[in-house]
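Peer 1: Build me a model:
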Amino acid sequence: MTTEELYQTIGGNYREVLGRFMTEDRVLRFVKKFPADGSFELLKTSLENGVQEEAFRAAHTIKGVAQNLGFTALYEKVVVVTEILRGGSMEVAEYMPELERLYKLTVESILKLD
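Peer 2: The predicted structure follows:
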């Protein structure tokens, strides 16, 4: 899978991130680090354990990384979860299945990069 195909698959904005990072090599360097980030697992664990502040920090981290890397579909879903958690609520269960699907799609697609 090429970098451009990755972005098409995950609903991302390759042209935008390429403009920001200037070279495809630089984009790839940061994109390939994404699967190793533990923020999504921390989000899930924090939600399961009722630790709102930690869940917020994890969601906020995912939001920032997704935005910076141009992972638009993932960003749009995690921003909703982040804002609910920012408000002090933990009522995000209805958004988590789609967020997890997009997260897994992103990671699996990154692992298929040439």
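Peer 1: So what's the residue count around residue 48?
Peer 2: Neighbourhood size, residue 48 [other CB atoms under 10 Å]: 9. Every residue, glycine included, has its C-beta placed from N, CA and C.
Peer 1: after the host helix or strand of residue 74 comes which helix or strand?
Peer 2: With elements taken from DSSP states H and E, the one containing residue 74 is helix 72-86. Using DSSP H and E, the helix or strand that follows helix 72-86 in sequence is helix 96-111.
Peer 1: ok and that next one relative to helix 72-86, angle-wise?
Peer 2: Angle between the axes of helix 96-111 and helix 72-86 is 140 degrees (criterion: axes from the mean of the first three to the mean of the last three CA atoms, to 10 degrees).
Peer 1: Leaving out the residues flanking it, which one is nearest to residue 4?
Peer 2: residue 14 (5.1 Å; CB to CB, 6 or more residues apart in numbering).
Peer 1: scratch that, residue 99 is what I was asking about
Peer 2: Leaving aside its chain neighbours, residue 99 sits nearest to residue 77 (4.7 Å; criterion: CB to CB, 6+ apart).
Peer 1: Show the contacting residues for that neighbour.
Peer 2: 95, 98-99, 102 (CB atoms under 8 Å, 6 or more residues apart in numbering).
Peer 1: separation between it and residue 64?
Peer 2: Distance from residue 77 to residue 64, counting by CB to CB, to the nearest Å: 14 Å.
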